[in-house]
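> my questions are about this predicted structure, shown below with the sequence.
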Amino acid sequence: FGATTIGVSFEKEGSDTLPPKNGTPGWYNNMAFDREAKASGIESFTINSDAFSHDTRKKVIEIVKKTDKKIDLVIYSVASVVRVDPDSGKLYRSVFKPIGEALTGETIDAMTGKITPIGTDPATDEEIFNTIKVMGGEDWALWIDQLAKADVLSEGIKTVAYSYIGPSLSYAIYRDGTIGEAKKHLERTAKKMDAELQASLKGKAYISVNKGVVSRLSVSIPIIALYLSVLFKVMKKNGTHEGCIEQMERLFAERLYTGGAVPTDNIGRIRIDDLEMDPKVQEEVKKRMATITQENFTQVGDLVGYRHDFLVT
């Protein structure tokens with residue numbers, strides 16, 4: 001889209017030691033992005049730093065002021081196991097757990113394709129609180145507040161936080177579990193932030209509910225890995241499968257920047273998960289999930305696609 005960008009992520013750098021050590025996939029993605037931007041004559045800045053830190057926000061503000069521009073879009077997409085509160089210095093750790101009752105299910109080994117049972121105990125009150133502190137809206141609000149006070153946000157600023165809901169079969173671990181409580185906090189934060197931005201800068205704050213994607217954590221969460229592999233199979237058969245890039249392009253081109261009002265659901269969320277949650281897609285996924293065995297898994301699910309996404313995450 002030709003925009004000047006500032007990217008903040010906390011990646012592990014590769015090394016030339018003997019034996020050499022690979023960095024995280026994001027480290028190489030960042031370098032590739034900056035290389036392509038430079039080749040296209042587009043400014044891009046990459047900060048490899050803790051996104052939860054006040055110092056990191058100060059670095060971003062310094063860069064913006066040097067460009068003599070203002071920010072017209074802030075995307076908040078931060079997933080982390082831990083967060084250090086920038087004011088108290090206390091470390092909080094997030095967990096993917098159900099609330100109220102233990103949960104058992106199955107997962108898939110991305111390398112071998114072996115289906116194995118997996119389970120998790122219900123979260124404690126402290127674990128619920130800690131997960132909200134890490135994955136809720138508190139840090140997003142700190143970013144927008146600090147950027148606004150530094151006067152680097154433009155009039156009409158948009159900010160979007162990424163989220164996920166998924167199908168009812170995953171609600172126990174996701175929507176109604178610890179991470180779901182954090183996402184609900186994110187939604188409440190968006191509503192409050194939206195009112196504040198509209199009043200001060202004619203801005204908007206949105207939650208974008210996105211399609212399910214593979215993460216390193218997905219193999220350790222009951223049901224999710226199998227669901228995603230089957231979902232991919234069904235959506236690829238239908239020609240509607242999207243990776244991260246494709247769904248984000250659709251978010252920009254068909255939602256955020258159409259020139260008109262941004263389409264949302266009845267509580268103000270942008271729904272990029274519409275292709276995943278299509279009733280016909282979900283009906284077929286449900287049928288396939290009910291028939292999965294170790295012997296038929298490669299026919300019912302997309303092991304190759306799941307493995308690829310797992311390795312590049």
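Nice, thanks for sending it over.

> all helices of the stretch 1-150 of the chain, in order?
25-39, 54-67, 125-135, 138-149 (DSSP state H, counting those that start in this stretch).

> how about those, which one is nearest residue 91?
Closest of these to residue 91 is helix 125-135, at 9.2 Å (criterion: C-beta to C-beta). Any C-beta I mention is one placed from the backbone N, CA and C, and that applies to glycine too.

> so which residues make contact with that closest one?
Residues from elsewhere that reach helix 125-135 (C-beta atoms under 8 Å, 6 or more residues apart in numbering): 79-83, 85, 92-95, 97, 99, 123, 138, 178-179, 181-183, 185-186.

> please apply the same query to stretch 183-201.
Contact with stretch 183-201 is made by 132, 135-138, 140-141, 144, 148, 153-157, 159, 161, 163-165, 175, 203-207, 267-269, as judged by C-beta under 8 Å, 6+ apart.

> do stretch 1-17 as well
By C-beta under 8 Å, 6+ apart, stretch 1-17 touches 20-24, 26-28, 30, 33, 37, 40, 42-51, 56, 60, 63-64, 67, 69, 73, 80, 252.

> all strands of the chain, in order?
Using DSSP state E, the strands assigned to the chain run over residues 5-9, 44-48, 71-76, 82-84, 91-93, 103-108, 115-120, 153-163, 204-209, 269-271.

> return the most buried member of those strands.
strand 204-209 (a mean of 23; mean count of other C-beta atoms under 10 Å).

> by how many degrees do that strand and strand 71-76 diverge?
30 degrees (axes from the mean of the first three to the mean of the last three C-alpha atoms, to 10 degrees).

> partner strands of strand 204-209 and their direction?
strand 153-163 (parallel), strand 269-271 (parallel) (DSSP bridges).

> can you put those in CSV and add mean pLDDT?
As requested, the strands paired with strand 204-209 are arranged in CSV below (pLDDT from 0 to 100):
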stretch, mean pLDDT
strand 153-163, 97
strand 269-271, 97
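
> of all those, which one comes closest to residue 248?
strand 153-163 (8.9 Å).

> alpha carbons of the closest one, as CSV, please.
These are the backbone C-alpha positions of strand 153-163, laid out as CSV (Å, rounded to 0.1, in the frame of the first residue of the first chain):
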residue,chain,number,x,y,z
LEU,A,153,-1.2,10.7,16.0
SER,A,154,-3.0,12.2,13.0
GLU,A,155,-6.5,13.4,12.9
GLY,A,156,-8.7,10.5,11.8
ILE,A,157,-6.3,8.0,13.4
LYS,A,158,-7.5,4.4,13.2
THR,A,159,-6.2,1.7,15.5
VAL,A,160,-7.0,-2.0,15.2
ALA,A,161,-6.3,-4.9,17.6
TYR,A,162,-6.4,-8.4,16.2
SER,A,163,-8.5,-11.1,17.9
